[in-house]
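*Asks:* structural data only, the sequence is not supplied:
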């Protein structure tokens, strides 16, 4: 009898727990920070699983399973190459977009500094960048400057874009590299990569053999934009799987044949001697699957999200008196909404939105490490008072128009 | 009726397929190359799965899920620190053992070269290493030498070990760093890390403040040996998850507080500013789980594998006239068998063993990239003719005594 009563009590407890848990889950969390991270798609995870415990062998070994692993990696490399219209040996797998950015810049700049003996300021090698590159680019550039190089920063226009003509104006015969982010990670403005490449190509034609290289970080662009490197005309391009519904811990650098890239991680000579370390087979497979999916769906998703994005922007501008969009409405990632709400404390607003079930941000996660919550990109736009009063709302595959309507009505409560 | 017949045919087809598949699987493959890769343990994969698609957020963001991700990473860091008897902020997650080795060496050496202005050979900064370090160490040392540094190589004794007294003899006032692999990746000999550390500590005591740092690559040691950094007395230690039944794409460097390490990947300032890039949360969780398991089982597995290992060595030495063990039988990883079979072509033998269902190797996978199949470690032992005639057979958690008996009988056929 006693045992029966205990058992019933136990069942009751479980019921109560489930009820509470259900109630808790009724407050659906809405994730609106897809620029900082994306969930791994179920089919991507499925594609990775066989390579953890079953086909786990080191691709560099010589027996059957290892040869299969090597072929698997080669097949993935070919698939990615065919999406980018590149050659398989132009793809270098790295552990992140950050590492790929480091490899691109240091891979070119480190040798240049060693060779440069001229100490006159105007004769030092220089790099041209936009004022709102990812921290991975900015930090490597800072190191380059510390080591004796020079940086030339492109002006940013009110629409959040740089201009190819300015690249032409800044280029000197000491320019080694130009690096411009394809779509900015904070305000989502799309840069005229193709036209910048044209300017550089033109200058290279008359430089008597000395080549200026062009790199772009396409981490934020990959879900929606054209990644055809032939059409873009870039020499190097960074991608990061964790921003395109693939796993964390894997990125890549496209490097055009003939680009004199110096390896940054030395050892067993994997990745054609340009990046050592055992190939991360499951992550490479997952990355490839994810890139295939997002590029297949790019047009459809762009159309769907652009409609939602524009609805949100229009509603906010209409309903919040002192609000405006940061950067171009036209040349903009379909999933990026970055609004200035004059006078508000954006960091405090994100915390209040968090309590209400919405995950948004004020700046790039890679900036959030510092205690300074200001947005680099919004600051670069130069609109006074906006760098600390702007919210970055980035949509994704799971975002619906209904989610955004809920978001706007919550935002009204939070900011009132 | 027709449909019924089709259905029966279909069932028959499935039966036939299953039968063929079963027959195929009857030839059990036996994996004996655990020094090159280990399968992810099922419980390790289970621990990782929630962090791919569900808890996927970027630990650097500010909302609830991101804060949870940050806590998850911190908890993992604490767990690893407690296994190593280190502090959580002494753990730097990297994407591989190779990257950790690069970080350790370049993190110390790059600044030293910049500061060093003395060009006299004997006054240049130097590093002391064993002659059979992993390629990640050897390549960074080669770069250091190219940049103006000097390398001093410890003599190797016939038992495959270096001697602490030799470290004492080689140390000069220009020595910056000593790096000795904890257990060699090819011949599995365990080095006297604790005693080398003692020698260095003693010298540091009387150096008037100038400190010589000591690094060890413990990637091969982690499954069986003591990783207590206080007892070992090292300043830096490399681990690689893919060698200890964790996932590929994740490693770590222990760095003792106060060690002036310079970051090698720049950007968002993750890992306390010493290694940028979004934290690879699932891999960090898997690494932590795997390290906990292998260190928990280290004694039991060591005992079990030592018995199997010694049985194999004794049988081979008895049954193969011109065979001998490379390196010490005593100071040896429990899972490492590396035998010289005088006069045989080891690479050809591995291919024949592969056909018979056994995966073994001749050298480290990170050496197999090159076309030179010689074993660095066996060559360093200096026994003539063995570098191309040695097989590396490395056991693991799935290896049974029965597997090894089968292996020996196959080996007899292959080498006869």
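*Replies:* Looks like it came in fine. None of these values were measured; they are calculated from a predicted model.

*Asks:* report the buried residues of stretch A:55-69.
*Replies:* Buried positions in stretch A:55-69, judged by neighbour count with 16 or more other CB atoms under 10 Å in any protein chain shown: A:55, A:56, A:57, A:58, A:59, A:60, A:61, A:62, A:63, A:65, A:66, A:69. For every residue, glycine as well, the C-beta is placed using N, CA and C.

*Asks:* which SS class is the residue of the stretch 151-300 of chain A found nearest chain B?
*Replies:* Per CB to the nearest CB, residue A:268 is where the stretch 151-300 of chain A lies closest to chain B, at 3.0 Å. Under DSSP: H, G, I helix; E, B strand; the rest coil, residue A:268 falls in the coil class.

*Asks:* for it, give its distance to residue A:109.
*Replies:* 25 Å (CB to CB, to the nearest Å).

*Asks:* what residues does the stretch 251-400 of chain A have near chain B?
*Replies:* Contact residues, the stretch 251-400 of chain A versus chain B (CB under 8 Å from any CB of the partner chain): A:264-270, A:276-283, A:347, A:350-351, A:353-354, A:358-362, A:364-370.

*Asks:* all helices of chain A, in order?
*Replies:* With DSSP state H as the criterion, chain A has helices at A:2-26, A:42-48, A:50-53, A:64-84, A:97-115, A:135-146, A:164-170, A:193-205, A:229-232, A:281-296, A:298-319, A:346-355, A:376-381, A:401-415.

*Asks:* so can I have CSV of these showing distance to residue B:77?
*Replies:* Shown next, in CSV, are the helices of chain A (distance: least, CB to CB, whole Å):
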stretch, distance to residue B:77
helix A:2-26, 29
helix A:42-48, 24
helix A:50-53, 22
helix A:64-84, 30
helix A:97-115, 19
helix A:135-146, 22
helix A:164-170, 43
helix A:193-205, 39
helix A:229-232, 38
helix A:281-296, 21
helix A:298-319, 36
helix A:346-355, 24
helix A:376-381, 28
helix A:401-415, 34
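
*Asks:* which one of those helices lies closest to residue B:225?
*Replies:* helix A:50-53 (24.3 Å; CB to CB).

*Asks:* looks like residue A:337 contacts residue A:311 (just checking).
*Replies:* No. Using CB atoms under 8 Å, residue A:337 is not in contact with residue A:311; the gap is 10.2 Å.

*Asks:* neighbour count: those two, which is higher?
*Replies:* Neighbour tally, residue A:337 and residue A:311, criterion other CB atoms under 10 Å in any protein chain shown: the higher count belongs to residue A:337, 25 against 14.

*Asks:* contacts only, for the more buried one.
*Replies:* Shown in contact with residue A:337 (CB atoms under 8 Å, 6 or more residues apart in numbering or on different chains): A:188, A:309, A:312, A:313, A:316, A:325, A:392, A:393, A:394, A:395.

*Asks:* can you check residue A:141 too?
*Replies:* Counting by CB under 8 Å, 6+ apart, residue A:141 touches A:105, A:127, A:129, A:133, A:151.

*Asks:* most neighbours among those residues, please name it.
*Replies:* When those are compared by neighbour count (other CB under 10 Å), residue A:105 ends up highest, at 29 neighbours.

*Asks:* how about the nearest residue to it, chain neighbours excluded?
*Replies:* residue A:140 (4.3 Å; CB to CB, 6 or more residues apart in numbering or on different chains).

*Asks:* distance-wise, check that neighbour relative to residue B:210.
*Replies:* As judged by CB to CB, residue A:140 and residue B:210 stand 30 Å apart.

*Asks:* of the two, who's got more company?
*Replies:* Using other CB under 10 Å, the more surrounded residue of residue A:140 and residue B:210 is residue A:140, with 27 against 11.

*Asks:* give me the distance between the two termini of stretch A:264-279.
*Replies:* Taking CA to CA, to the nearest Å, stretch A:264-279 runs 16 Å from one end to the other.

*Asks:* how far does that stretch sit from the chain's center?
*Replies:* Distance of stretch A:264-279 from the chain centroid (CA atoms, centre = their mean, to the nearest Å) equals 23 Å.

*Asks:* do the same with stretch A:407-415
*Replies:* Relative to its parent chain, stretch A:407-415 has a centroid offset of 28 Å by CA atoms, centre = their mean.

*Asks:* near chain B at all, it?
*Replies:* No. On the criterion CB under 8 Å from any CB, stretch A:407-415 is out of touch with chain B, staying 13.3 Å away.

*Asks:* ok, now which ones touch the residue nearest to residue A:105?
*Replies:* Contacts of residue A:140 by CB under 8 Å, 6+ apart are A:101, A:102, A:105, A:106, A:109, B:266.

*Asks:* where in the stretch 1-150 of chain A is pLDDT low?
*Replies:* A:1-11, A:13, A:17-27, A:117-121 (pLDDT under 70).

*Asks:* so between residue A:268 and residue A:109, which is more surrounded?
*Replies:* residue A:268 (25 against 22).

*Asks:* still on that earlier bit, relative to residue A:341, which of the contacts of residue A:140 is nearest.
*Replies:* residue A:101 (31.2 Å).

*Asks:* who's in contact with that closest one?
*Replies:* A:134, A:136, A:137, A:140, A:217, A:238, B:267.

*Asks:* between those residues, which sits nearest residue B:89?
*Replies:* Comparing the contacts of residue A:101 against residue B:89 with CB to CB places residue B:267 closest, at 18.9 Å.

*Asks:* how near is that closest one to chain A?
*Replies:* 3 Å (CB to the nearest CB, to the nearest Å).

*Asks:* I figured that residue hits residue A:100, correct?
*Replies:* No. At 10.6 Å, residue B:267 does not count as touching residue A:100 under the criterion of CB under 8 Å.
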